[in-house]
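J.: Got a predicted structure plus its sequence, pasted below:
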Amino acid sequence: MSDRLCCMCLSILHRRHSIPLAWRCYAPGHVPCRQPDLVKAILQQAHDALDPGAVPVLMLDRGLAWPALVDWCREHRWHFIMRLQGQTCVCLENPGGSWKKPVSAACLAGAKGGTPVMGRAKVFKTVGYRVVNFVGVWPRQAKDRWLLATDLRASLKRCREYAKRMDAEHGFRDQKSHGLNWQASRITRPQHAAMLVLAMALALYLLYAVAALPEASQTLRGALERADRHALSVLQLGIRWLKRTLMLPQACWPEPPPLQISVGR
């Protein structure tokens, strides 16, 4: 709904899908504050609701790879994995502790299928650098380089972890054309849009939970979709299961399993 509304959203990943956790809605061209401050306010809202022992891992795409968010994560003891833009200046650490000359991140992973470059590094030259662990690799099967900055140990495992961020795309499709059809909403006020996102988050929570039942039972899955192949998403399975269940007497309704996540005290 970019022509009418914008939404900055922090989501939690669950079973290859994402559920909105904290968000801000605003009119196009009317961001309520500087974007880094807006993102930090959303992160703070989620942080205040977390269990004291929770250790989140924040994954950020290239458009949000900002030094301000590195500072925020360190201050609040969140781990982070962010994908850097190719032109970001990177200084790798020498074995003796000195720093190499700055080069663009893309140059460090210049050859497709080449040897990965990993280690301690300094990034974000324009703001005085931040020390991170750097992973640069261009897998043969990938369309683009993987240039990651993280506070976790530099290893190819970080690429596999960051790949889970792509699961958020499933959540976007579930919220829009493949599920709840958010794009068909006629809401134009940011306050109303924020309430709609809350309703969608609760609906997604319920539908993903009930979808766990047909996923756990091949017999029930066979009753809900084609027998020759899996053609329905988890959300669509949950919708079909819910519609089927609501046709039964209430006494026959099973208790859906809870999502195995904890985001509040």
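T.: Yep, it's here.

J.: and stretch 52-62, what's its mean pLDDT?
T.: Here stretch 52-62 scores 92 as its mean pLDDT.

J.: sorry, that was for stretch 143-152
T.: For stretch 143-152, mean pLDDT rounds to 96.

J.: now swap in stretch 115-128 and tell me
T.: 94.

J.: The most centrally placed residue in the chain and residue 174, how far apart?
T.: The chain has residue 165 as the residue nearest its centroid, 4.5 Å off, counting by CA atoms, centre = their mean. In this view, residue 165 and residue 174 are 16 Å apart by CB to CB, to the nearest Å. The C-beta positions use only the backbone N, C-alpha and C, and glycine is treated the same way.

J.: same question, residue 181
T.: Between residue 181 and residue 174 the computed distance is 10 Å (CB to CB).

J.: which of those two has more neighbours?
T.: Taking other CB atoms under 10 Å, residue 181 and residue 174 do not tie; residue 174 has more neighbours (26 against 10).

J.: tell me which element the more buried one falls in.
T.: Residue 174 belongs to helix 168-175 when assigned by DSSP states H and E.

J.: neighbouring contacts of that helix?
T.: Defining contact as CB atoms under 8 Å, 6 or more residues apart in numbering, one finds that helix 168-175 is touched by 11, 13, 16-20, 179-180, 182, 200, 204, 233, 235.

J.: ok, those residues vs residue 143, which is closest?
T.: Taking CB to CB as the measure, residue 143 lies nearest residue 16 of those, at 20.5 Å.

J.: Quick check, that closest one in contact with residue 167.
T.: Yes. Here residue 16 reaches residue 167: they are 4.6 Å apart, a contact under CB atoms under 8 Å.

J.: Check which residues of stretch 18-38 are buried.
T.: For stretch 18-38, burial by neighbour count (16 or more other CB atoms under 10 Å) applies to 18, 19, 20, 21, 22, 23, 24, 25, 26.

J.: Residue 132 and residue 144, how far apart?
T.: Using CB to CB, residue 132 is found at 20 Å from residue 144.

J.: sorry, that was for residue 110
T.: Using CB to CB, we find residue 110 at a distance of 12 Å from residue 144.

J.: Against which helices or strands is the helix or strand immediately after the helix holding residue 174 in the chain packed?
T.: Of the helices and strands lying after helix 168-175 in sequence (DSSP H and E), the nearest is helix 190-216. Counting contacts by 3 or more CB pairs under 8 Å, 6 or more residues apart in numbering; DSSP states H and E, helix 190-216 packs against strand 6-14, strand 17-26, helix 168-175, helix 218-224, helix 234-246.

J.: Compare the mean pLDDT across the ones you listed and name the weakest.
T.: helix 218-224 (a mean of 57).

J.: Show me the helices in the stretch 1-150 of the chain, by range?
T.: For the stretch 1-150 of the chain, the helices defined by DSSP state H, counting those that start in this stretch occupy 35-49, 67-76, 105-108.

J.: hey, which of these is tucked in deepest?
T.: helix 105-108 (a mean of 19; mean count of other CB atoms under 10 Å).

J.: Dump the C-alpha coordinates for that helix into CSV.
T.: Taking Å, rounded to 0.1, in the frame of the first residue of the first chain, the C-alpha atoms of helix 105-108 are listed here in CSV:
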residue,chain,number,x,y,z
ALA,A,105,33.2,-5.0,0.6
ALA,A,106,32.4,-6.2,-2.9
CYS,A,107,36.1,-6.4,-3.7
LEU,A,108,36.7,-8.8,-0.9
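
J.: what's in contact with that helix?
T.: The contact list for helix 105-108, computed with CB under 8 Å, 6+ apart, reads 84-90, 92, 117, 123, 134, 136, 145, 147.

J.: what does stretch 155-162 give?
T.: If you take CB under 8 Å, 6+ apart as the criterion, stretch 155-162 is touched by 57, 59, 81, 83, 116, 118, 135, 137, 139, 146, 148, 150, 152.
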